[in-house]
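**Q** Sequence and predicted structure are below.
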Amino acid sequence: MIDNICKFLAESFSRDFASWILGEAIALTKIEPSELSVEPIRADSVIFLESTKIILHIEFQTEPNKNIPFRMADYRLRLYRKFPDRQIHQVVIYLTPSQSLLVHETTFRIGALNHEFNVIRLWEQPTEIFQQYQGLFPFAVLTKTENPTDTLRQVVKQIENIADKQVQSNVAASTAIISGIALNKEIIQRLLRSEIMKESVIYQEILLEGKAEGKAEGIAETANQIALNMMRSNISVELIAQFTGLTLKQIQKLQKLSAQKAQPPKSSKTKRSPKA
């Protein structure tokens with residue numbers, strides 16, 4: 001779910017991302033990964049945005065990944081094949097603090113091939129930048145802040161001042177889920193009002209997934225499936241309760257049932273009867 005939210009924000013607030021990453025508020029439109037594919041691109045965290053002069057390739061990562069340098073070189077060649085005259089700006093954005101050397105790698109080398117790309121470690125970014133743009137509000141608590149809770153509190157005030165209710169709802173829901181990387185879910189629940197988030201396209205997406213995957217019709221079954229989808233994204237039971245209307249006991253029961261289904265079946269060995 002984190003990947004999908006990051007993609008949604010980058011695509012919906014492309015000017016904000018361009019202002020942050022490129023230093024210029026350029027209007028960018030989405031490039032479908034299928035346009036670049038010799039083989040399908042399956043990385044959920046990949047976003048390609050374009051203007052008439054530049055292509056911005058963003059990849060969000062929550063954990064270090066040794067394959068990132070190769071993937072960035074691979075995507076760069078695909079982009080060149082399709083858009084040989086465009087400027088290409090590639091950036092990997094790491095969301096979760098890490099001591100791994102992998103989050104500092106900016107080069108792919110093999111033989112005479114040497115490809116460089118950019119890396120942003122959010123925990124090193126100044127918080128002020130992320131309080132200037134609506135599309136960046138959800139990432140503010142992951143930045144270089146001394147007090148993530150106070151930062152979230154300030155962001156919530158800014159979200160409440162967004163005039164467009166749909167935008168307000170989308171930003172609030174995105175903030176609630178992304179902030180879970182750094183903050184206790186109870187803090188998020190206390191500061192962000194659930195009634196704002198329920199109008200978001202993010203909530204509606206979870207709702208649609210629940211309807212599509214649900215085996216039985218009815219509100220109760222849909223709510224259960226939504227809860228299961230959110231559990232898979234490690235969202236707190238309190239926040240799930242706010243979104244679905246289920247009680248904590250109902251959600252805990254679903255957790256137990258889901259865990260039981262996930263367990264591999266015990267192998268049964270049939271005993272052979274002794275030969276006569």
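**A** Alright, I've got the coordinates.
**Q** so where is the stretch 151-276 of the chain shaky, pLDDT-wise?
**A** Within the stretch 151-276 of the chain, the segments meeting pLDDT under 70 span 195, 198-199, 201-220, 222, 233-234, 242, 262-276.
**Q** Now do the helices in it.
**A** 165-178, 185-191, 194-197, 201-213, 219-232, 237-244, 248-262 (DSSP state H, counting those that start in this stretch).
**Q** Repeat that for the stretch 1-150 of the chain.
**A** Under DSSP H, counting those that start in this stretch, the stretch 1-150 of the chain gives helices at 2-12, 14-21, 68-82, 127-130, 148-160.
**Q** Export the helices of the stretch 151-276 of the chain to CSV and append columns for distance to residue 5 and mean neighbour count.
**A** For the C-beta atoms, the positions are set from N, CA and C on the backbone; glycine is no exception. Compiled in CSV, those are given as follows (distance: least, C-beta to C-beta, whole Å; neighbours: other C-beta atoms under 10 Å):
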stretch, distance to residue 5, mean neighbour count
helix 165-178, 5, 23
helix 185-191, 14, 17
helix 194-197, 12, 17
helix 201-213, 6, 17
helix 219-232, 12, 18
helix 237-244, 14, 21
helix 248-262, 21, 12
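**Q** Ok, which of the helices of the stretch 1-150 of the chain comes nearest residue 256?
**A** Comparison of the helices of the stretch 1-150 of the chain against residue 256 by C-beta to C-beta identifies helix 2-12 as nearest, at 24.8 Å.
**Q** End to end on stretch 133-148, go ahead and measure it.
**A** End-to-end distance for stretch 133-148: 18 Å, by C-alpha to C-alpha, to the nearest Å.
**Q** try stretch 129-144
**A** Across stretch 129-144, the terminal residues are separated by 11 Å (C-alpha to C-alpha).
**Q** about what we covered before: select, out of the helices of the stretch 1-150 of the chain, the one closest to residue 109.
**A** Closest approach to residue 109 among these is made by helix 68-82 (8.1 Å; C-beta to C-beta).
**Q** pLDDT on that closest one, on average?
**A** Helix 68-82 carries an average pLDDT of 93.
**Q** buried sites along it?
**A** Within helix 68-82, the residues scored as buried using 16 or more other C-beta atoms under 10 Å are 68-69, 71-76, 78-79.
**Q** just to revisit the earlier point, mind putting the helices of the stretch 151-276 of the chain into TSV with distance to residue 96?
**A** Below are the helices of the stretch 151-276 of the chain laid out as TSV (distance: least, C-beta to C-beta, whole Å):
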stretch	distance to residue 96
helix 165-178	11
helix 185-191	16
helix 194-197	23
helix 201-213	20
helix 219-232	18
helix 237-244	19
helix 248-262	24
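**Q** who wins for proximity to residue 104 among the ones you listed?
**A** Residue 104 lies closest, by C-beta to C-beta, to one member of the helices of the stretch 151-276 of the chain: helix 165-178, at 22.6 Å.
**Q** and the closest one, what does it pack onto?
**A** When contacts are defined as 3 or more C-beta pairs under 8 Å, 6 or more residues apart in numbering; DSSP states H and E, helix 165-178 packs onto helix 2-12, helix 148-160, helix 194-197, helix 201-213.
**Q** tilt between the second one and helix 165-178?
**A** If I follow you right, that is helix 148-160. Orientation check (axes from the mean of the first three to the mean of the last three C-alpha atoms, to 10 degrees): helix 148-160 against helix 165-178 gives 170 degrees.
**Q** what residues does stretch 119-130 touch?
**A** Contacts to stretch 119-130, defined as C-beta atoms under 8 Å, 6 or more residues apart in numbering, come from residues 20-21, 91-95, 97, 103-106, 136-137, 139-140, 142-145, 151.
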